[in-house]
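J.: Based on what follows, work out the 3D shape:
(chains A and B)
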Amino acid sequence: MNKTSKISVWQLFSVILLSRLLTLLTYTTFGLERMHNADFFASVLFCTTFVALFSIMVFIQSKLFPEKDMTDIAYIASPLLSKGVSVCYAFYFIFAALTTLVRLELFVSSIVFPDTDSTLFAVICIIAACYAATLGIEGIGRASVLSLAIFNAAFLFIVLTMADKIDFVNFSPIFFDGITPSLKAGLNSATRTVEVVMLTALLPKTKGKPMRIYTTWLLVFAVYKLILFFCTFGGLGDYALTQLFPVYAMSVLSEVGVFRRFDVLLTGVWILSAFIKISLLFYLQAELLQKSFKKSWRTGYILIAGALVLIVQIGMGGTFADYFFSTTLLTRTLFYAAFTLVLPGVVLLAAYRKGKKRHEKTA
Amino acid sequence: MKKPLKLLLLPILLVFLFSSCSYSTHELKNRLIIQAIGVDTIENGRVQVTLQTLNTEMAGNPNSGADLGNVINSLTTEGSTVAEAISNAAKQVGKLPMLSQNRLIVFGRDTAKAGIQPYLDYFVRDAQNRATVYVAVSDTSAKDLVSAELGESVVAASSLEDILQAMQFNLNIVNQELYMLVNQVETDAADAYMPVLKAEQGEGGESKFKLQSVAVFDEDKMLYELQDEGVIALQILTNQVESGGAFSIYNTKYQSNMTLQIEKCRVRIRPLVENDQPVFDVRIRINADIAENQTEQPFSVTEDYLNETKKSAEAYINNLITENTKQSFTKFQTDPFCLGMRFKRKQAKFYKTHIENWKEMLPNVKVRVHTEVEIERVGNGVENI
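T.: This next block holds a predicted model:
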């Protein structure tokens, strides 16, 4: 529909890895059923499989319409459908930005500033994210490569400095209560993978072969997850499951010589990742909306999304957090499948049929 | 984004950032910086909390010359929960408590005997509490230990922390961190332990601390105490022995007392099931140096002497582990050595079928110990004069 700037495959890799790692770092067992810690390792395998399954439509999209996002593809079928698809995806991205901010606010208000009002933090975070979103995908891509490098350095440092605290006694037996808890945890983790939906909009903005890098991303993410779970449960054992943020609790163990409290490293990286993720989500929703509606309102869409997220967070943050953490796995799966399988499935089918009809007519 | 808007953004952000310092109650000098927390149960189910806090005036200006009091203060508060009691500290000092610098949590002996589970929740739930903070039992009340002073410029909690950290080079000391305690209290496969600390009145009215023993819990209630050799067995079986720890043996053939200093200690524990009973195959490999050799008559260290020393040391460790595990398993039906946790992981199927009567199975548990001692350095001594 219009010419846009592009990012490299490695920038795509960085941006989606950082985005997903943030969800992993802010992982909380709150509201989830209790399971043995070794089952988390098996859940990584299941999660990777589920994410691959939820990505089927993205693979089809890249095969059939490599240079188009969902709004463009829907436009082939009908301009009205294209508008509807833009609104749906914009809603999803704003929703994802909100859940990211809710988790970040929960972390900040319970760990970083437990005695102060975190509203100010949310305001600053949204202002900064809105500004970054206006700079475009190239800016976000470059920032994410740099942030991923910082993240990796911090991650490696924390893992190395707490390695001597790992004790195999802390691990529980695997599948002690059967395979179901691992399967459920895997599915739960998969439904939090917003990046699959992000890809539907990011594919045409990437130079090279994005699906190859996506497969690499899936594997690298699984490895990250396994290392993180190994350190968390090997270091803290079941104590990690009593904590609101188990991964953060693990970082408290890291110390070298007289130097302690390296958890602040993780806190800094965490906030940086959240800022990039929210910026990307704001940018993507604005990109889709400006294609279907007024093009000159791009910055306006970003600011409206920012204001919306901020109003919901400040006005009814608690209610949203309650909703977010108390929804059942089935509800979350249905909601996620609607945006990863159903909506793209309908759009791709409609576009494919329309394209076929056109082809037959011209023939 | 338009240029004027961009220019405005920076000052707006700065205003927001600077305004975060407007909470005067959160400034460091206005905080109650807690160094140790003592928990005692009192009548009517209420809890008495004793806080050892840093005197920020004194700590910030130790050489000012003015009489700013001791570097630490202690205060005692009450409440129906630990959280309420700590928050009540503001009634006495008007400062917001800061827990992140806490070094030690102490439970009074009576509290430990009655059960610590109700008081653990606060320390787990509140994110300000660090998972790695040390936990201990006071020989008397927690108040006695936490309010004890060592002098006007000594942080008593720091001295207690030093004693517990000496585990790195002393086999008779065991420390315990909060997260490990919680794991041991929560699991059905092992029992918790905590060091017992004592404050004694020294000459001149000032206190001195010492590690008395190690308290072993049944679920969350203190049941009995491990003394010296039991503590060594605990350190070995929980794989916590580091370089520097020493143990003494008697060489029967040469009739000499000697001390060996551990350089390296590796422990491998294999949980097995034999004749439908849990068995632990414990293999210990110790590399040690001769630290002292008290002989009646001077003589040079021969190969035979080294072999005898090796045999005596191996027999000593074998006996130490066998006797102490036996005593814990049969007399008290407890497992502070966390052998059950290993068994649960390796023999999950068997454990699952016996999960309900695991404690009753403990007296029948067999611990097979095989120790191998390698003497690395013999040094030089009076025997070579």
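J.: Domain ranges for chain B, per the record?
T.: The record's domain parsing of chain B by automatic domain parsing lists B:26-226, B:228-385.
J.: is any part of the longest one close to chain A?
T.: Yes - applying CB under 8 Å from any CB of the partner chain, one finds domain B:26-226 touching chain A at B:26, B:96, B:124, B:127-128, B:130-132, B:179-180, B:182-183, B:186-187. C-beta coordinates here come from the backbone N, C-alpha and C atoms, glycine included.
J.: Looking at neighbours, which among those residues is most surrounded?
T.: Counting neighbours by other CB atoms under 10 Å in any protein chain shown, B:Y179 comes out on top of these with 28 neighbours.
J.: which residues does the residue in the stretch 201-350 of chain A positioned nearest to chain B contact?
T.: When scored by CB to the nearest CB, the stretch 201-350 of chain A has A:Y239 as its residue closest to chain B, at 3.9 Å. With contacts defined as CB atoms under 8 Å, 6 or more residues apart in numbering or on different chains, the neighbours of A:Y239 are A:A249, B:V124, B:A131, B:Y179, B:M180, B:V182, B:N183.
J.: re the thing from before, take the residues of domain B:26-226 next to chain A and write them to TSV, including pLDDT, secondary structure and distance to A:L24.
T.: As requested, the residues of domain B:26-226 next to chain A are exported to TSV (pLDDT from 0 to 100; DSSP: H, G, I helix; E, B strand; the rest coil; distance: CB to CB, whole Å):
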residue	pLDDT	secondary structure	distance to A:L24
B:H26	67	helix	31
B:L96	87	strand	33
B:V124	93	helix	22
B:A127	83	coil	19
B:Q128	85	coil	24
B:R130	88	coil	23
B:A131	91	coil	20
B:T132	91	coil	23
B:Y179	95	helix	21
B:M180	95	helix	25
B:V182	96	helix	24
B:N183	95	helix	23
B:E186	92	helix	25
B:T187	93	coil	26
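J.: what would those residues look like in TSV with distance to B:M222?
T.: Converted to TSV, those look like this (distance: CB to CB, whole Å):
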residue	distance to B:M222
B:H26	38
B:L96	33
B:V124	19
B:A127	28
B:Q128	27
B:R130	24
B:A131	22
B:T132	22
B:Y179	19
B:M180	16
B:V182	16
B:N183	17
B:E186	17
B:T187	17
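J.: Which of those sits closest to B:S80?
T.: Among the residues of domain B:26-226 next to chain A, B:V124 lies closest to B:S80 (CB to CB), at 18.4 Å.
J.: where in the stretch 101-250 of chain A is pLDDT low?
T.: Applying pLDDT under 70 to the stretch 101-250 of chain A picks out no residues at all.
J.: between the contacts of A:Y239, which is nearest A:R142?
T.: Using CB to CB, the contacts of A:Y239 come closest to A:R142 at A:A249, 32.6 Å.
J.: Quickly find the element holding the closest one.
T.: helix A:246-251 (DSSP states H and E).
J.: after that helix, next one along is what?
T.: helix A:263-292.
J.: Give me the neighbour count for residue 27.
T.: Using chain A here. 22.
J.: switch to chain B, that's the one I care about
T.: 11.
J.: So which bits of the stretch 1-150 of chain A are right by chain B?
T.: A:38, A:110-111, A:114-116, A:120, A:123-124, A:127-128, A:131, A:134.
J.: now the stretch 151-300 of chain A
T.: So the stretch 151-300 of chain A meets chain B at A:167-174, A:176, A:236-239, A:242-244, A:249, A:252-253, A:299 (CB under 8 Å from any CB).
J.: Among those residues, which are located in helices?
T.: Counting by DSSP state H, the part of these found in helices is A:L236, A:A249, A:T299.
J.: Distance of the residue nearest to the first one when sequence neighbours are not counted relative to B:Q35?
T.: Residue nearest to A:L236 in three dimensions, not counting chain neighbours: B:Y179, with 5.3 Å by CB to CB, 6 or more residues apart in numbering or on different chains. From B:Y179 over to B:Q35 the distance is 20 Å, taken as CB to CB, to the nearest Å.
J.: Likewise for A:V51?
T.: Applying CB to CB to A:V51 and B:Q35 gives a distance of 47 Å.
J.: can you check A:L120 too?
T.: With the distance defined as CB to CB, A:L120 ends up 31 Å from B:Q35.
J.: Please apply the same query to B:A313.
T.: Counting by CB to CB - B:A313 and B:Q35 are separated by 41 Å.
J.: So which of A:L120 and B:Q35 has more stuff around it?
T.: B:Q35 (23 against 15).
J.: Could you look up the SS state of the more buried one?
T.: strand (DSSP: H, G, I helix; E, B strand; the rest coil).
J.: Quick check: nearest residue in space to it, chain neighbours excluded?
T.: In space, B:Q35 comes closest to B:A157 once its chain neighbours are excluded; the distance is 3.8 Å by CB to CB, 6+ apart.
J.: buried set for the host helix or strand of A:L160?
T.: Using DSSP H and E, A:L160 sits within helix A:137-162. Using 16 or more other CB atoms under 10 Å in any protein chain shown as the test for burial, helix A:137-162 gives A:137, A:139-145, A:147-148, A:151, A:154-155, A:157-159, A:161-162.
J.: which other helices and strands contact that helix?
T.: The contact analysis (3 or more CB pairs under 8 Å, 6 or more residues apart in numbering or on different chains; DSSP states H and E) places helix A:137-162 against helix A:9-25, helix A:119-134, helix A:210-236, helix A:246-251, helix A:263-292.
J.: Please repeat the previous calculation with a cut-off of 7 Å.
T.: Counting contacts by 3 or more CB pairs under 7 Å, 6 or more residues apart in numbering or on different chains; DSSP states H and E, helix A:137-162 packs against helix A:9-25, helix A:210-236, helix A:263-292.
J.: In TSV: the ones you listed, plus mean neighbour count.
T.: Output for those, formatted as TSV (neighbours: other CB atoms under 10 Å in any protein chain shown):
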stretch	mean neighbour count
helix A:9-25	23
helix A:210-236	19
helix A:263-292	24
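J.: okay, those helices in CSV with distance to B:T353 next?
T.: Formatted as CSV, the helices and strands packed on helix A:137-162 follow (distance: least, CB to CB, whole Å):
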stretch, distance to B:T353
helix A:9-25, 36
helix A:210-236, 25
helix A:263-292, 41
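J.: Quick one: the strands in chain B, in order.
T.: Taking DSSP state E as the criterion, chain B contains strands spanning B:31-41, B:47-54, B:72-79, B:96-98, B:104-107, B:134-138, B:193-201, B:207-218, B:221-226, B:246-251, B:256-274, B:277-294, B:366-375.
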